[in-house]
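>>> What shape does this take:
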Amino acid sequence: MKSTDFIVIRNDLQQCKVIQTELPDAAALPPDALLVKVTRFALTANNITYAVIGEQLKYWQLFPAPEGHGIIPVWGFGEVIASKHPNVAVGETLFGYFPMATHLVIEAADVSKRGLRDAAAHRQEVSPVYNNYARVSGDPTYAGPRGDERALMVPLFMLSFLVDDFLAEIEFYGARSVILSSASSKTAFGLAHLLHKRQDTGQGIRVVGLTSKGNVDFVTSLGCYDEVVTYDRVTATPATEPVAYVDMAGNSALRETLHRHFGAQMKYSGRIGLTHRASEPDEAVLPGAKPVWFFAPDQIRKRAKEWGPGGIEQRFGAAWAGLAPHLPEWLEIVERRGPEAVREAYLDTLNGRVPPDQGLILSLAE
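Sure thing, here's the model as predicted:
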């Protein structure tokens, strides 16, 4: 049996192609291993971030590829088509971190009713969250359009949830407004949704979204930004009150402009994403708070210890329940199948050509 794998050149993400790789047949699987057919997966700008920082955060190690190439990780669904684990049946559906490919061999460990872990040695240097798979057969919240919305939004909204939790815990460093760049991105509007809801509890934090002129109408329509500002107008915002900046764009020039405009009023500057992929390796020392990377696994570990077993899941579930009803009006699910369709969708995502109100669900199988 062969797998169809979509690979990119690590240092030139514009270069991509499909290759065929050999898979073990069912009889040749090692003990406890699963052969999983990747049925569908989401592709967003966040997956491009995985590729951009793949070397630093070991993402390229998850799914081996030929020398100099990489397979970009994606969130999606797989069907178990062969199993050597006594407690995992053929036909089960798994949700988790998959390669842009048609198949994956998982070395199943820590199998429970709710999930399992891939114990493959080459996957152990990343955060455990990337090696866990939920067992979702028969769960209606993972089926059909609801499942597609989860694949698109749950990984991103978890980041939104953690950033919101972090900022609230430290009382926004005294800021009165939170400014989000790349406001049309899914992680940004998920965070804006959570921050905006805090106004209902008396936390008077204003939410300001920065976006391009072409995305103003979409960002405004979401209803979770108190103010929408185009990138060419960022210095028109009064610098009279303390602000926190959450940088989804990863644009060095924009970050410098904001820091120089707000000066000492810039109380927090968190680097979250790289949707613009315009960061300079050596940046000047800027006025205001020093820009720092927000690393989600650190916040997960902290809260898991403080909230105890199930604490994160319970709180995130409540937050998701507040977001999910909005998604059908905010996002149009667009499905594409086959290698050429995946290639086009990837290049559209890489080059910023996917409209913000679209969510791509892909499959390499025809």
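>>> State which helix of the chain is the longest.
helix 144-169 (DSSP state H).
>>> can you give me the helices for the stretch 51-200 of the chain?
All helices of the stretch 51-200 of the chain, identified by DSSP state H, counting those that start in this stretch, fall at 144-169, 186-197.
>>> I'd like the next helix or strand past whatever helix or strand Lys305 lives in.
For Lys305, the enclosing helix or strand under DSSP states H and E is helix 296-307. Of the helices and strands lying after helix 296-307 in sequence (DSSP H and E), the nearest is helix 311-323.
>>> hang on, the earlier thing: so what does the helix holding Lys305 touch, helix or strand wise?
When contacts are defined as 3 or more C-beta pairs under 8 Å, 6 or more residues apart in numbering; DSSP states H and E, helix 296-307 sits against helix 144-169, helix 311-323. Bear in mind the C-beta positions are built from the backbone N, C-alpha and C, glycine included.
>>> Just the C-alpha atoms of it, please, in PDB.
Taking Å, rounded to 0.1, in the frame of the first residue of the first chain, the C-alpha atoms of helix 296-307 are listed here in PDB:
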ATOM      1  CA  ALA A 296       0.700  28.100  24.700                       C
ATOM      2  CA  PRO A 297       2.100  24.900  26.200                       C
ATOM      3  CA  ASP A 298       3.500  26.900  29.200                       C
ATOM      4  CA  GLN A 299       0.000  28.300  30.000                       C
ATOM      5  CA  ILE A 300      -1.500  24.800  29.500                       C
ATOM      6  CA  ARG A 301       1.000  23.300  32.000                       C
ATOM      7  CA  LYS A 302       0.400  26.100  34.500                       C
ATOM      8  CA  ARG A 303      -3.400  25.800  34.400                       C
ATOM      9  CA  ALA A 304      -3.400  22.000  34.400                       C
ATOM     10  CA  LYS A 305      -1.500  22.100  37.700                       C
ATOM     11  CA  GLU A 306      -3.700  24.900  39.200                       C
ATOM     12  CA  TRP A 307      -7.100  23.700  37.900                       C
END
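>>> what inclination does that helix have with respect to helix 311-323?
On the basis of axes from the mean of the first three to the mean of the last three C-alpha atoms, to 10 degrees, helix 296-307 is oriented at 110 degrees to helix 311-323.
>>> ok, and for helix 296-307, which residues are buried?
Using 16 or more other C-beta atoms under 10 Å as the test for burial, helix 296-307 gives 296, 299-300, 303.
>>> what angle separates it from helix 144-169?
80 degrees.
>>> for Thr93, what are its contacts?
Going by C-beta atoms under 8 Å, 6 or more residues apart in numbering, Thr93 touches 39, 77-80, 135-137, 142.
>>> at 6 Å instead, please
Residues in contact with Thr93 (C-beta atoms under 6 Å, 6 or more residues apart in numbering) are 77, 79, 136-137.
>>> Top of these by number of neighbours, please.
Neighbour counts for those, by other C-beta atoms under 10 Å, peak at Phe77, which reaches 27 neighbours.
>>> From Lys37, how far out is that residue?
10 Å (C-beta to C-beta, to the nearest Å).
>>> Ok, Lys213 next?
For Lys213, the distance to Lys37 - C-beta to C-beta - is 43 Å.
>>> Go through stretch 29-40 and flag the buried ones.
Judged by neighbour count (16+ other C-beta under 10 Å), stretch 29-40 contains these buried residues: 29, 32-38, 40.
>>> Counting neighbours, which bits of stretch 234-249 end up buried?
Under 16+ other C-beta under 10 Å, the buried positions of stretch 234-249 are 234, 237, 242-249.
>>> Out of those residues, which comes closest to His122?
Met248 (30.0 Å; C-beta to C-beta).
>>> so that closest one touches Ser181, yeah?
Yes. Counting by C-beta atoms under 6 Å, Met248 does reach Ser181; the two are 5.2 Å apart.
>>> Could you tell me the angle between the longest helix of the chain and helix 186-197?
Computed by the same axes, to 10 degrees, the angle between helix 144-169 and helix 186-197 is 60 degrees.
>>> what helices or strands is helix 144-169 leaning on?
Secondary-structure packing of helix 144-169 (3 or more C-beta pairs under 6 Å, 6 or more residues apart in numbering; DSSP states H and E): strand 73-83, helix 186-197, helix 296-307.
>>> Return the shortest one as CSV; C-alpha atoms alone will do.
So that's strand 73-83. C-alpha atoms of strand 73-83 as CSV (Å, rounded to 0.1, in the frame of the first residue of the first chain):
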residue,chain,number,x,y,z
PRO,A,73,1.0,19.2,10.2
VAL,A,74,-2.7,19.8,10.1
TRP,A,75,-5.7,19.1,12.3
GLY,A,76,-8.3,16.7,11.0
PHE,A,77,-9.9,13.2,11.0
GLY,A,78,-8.7,9.8,10.3
GLU,A,79,-10.3,6.3,10.0
VAL,A,80,-8.5,3.3,11.5
ILE,A,81,-8.2,0.8,8.6
ALA,A,82,-5.9,-1.7,10.3
SER,A,83,-5.2,-2.2,14.0
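>>> what about the residue nearest in space to the middle of the chain, distance to His193?
Nearest to the mean C-alpha position of the chain, by C-alpha atoms, centre = their mean, lies Leu156 at 3.8 Å. Note on Leu156: its distance to His193, by C-beta to C-beta, is 12 Å.
>>> Do you know the pLDDT at Glu280?
Glu280 is assigned 55 on the pLDDT scale.
>>> swap in Phe316?
96.
>>> and what of Lys305?
At Lys305, pLDDT is 95.
>>> Please apply the same query to Thr275.
So, for Thr275, pLDDT stands at 53.
>>> thinking again about what came up before, with respect to Ile312, which of the helices of the stretch 51-200 of the chain lies nearest?
Counting by C-beta to C-beta, Ile312 lies closest to helix 144-169 out of these; the figure is 8.7 Å.
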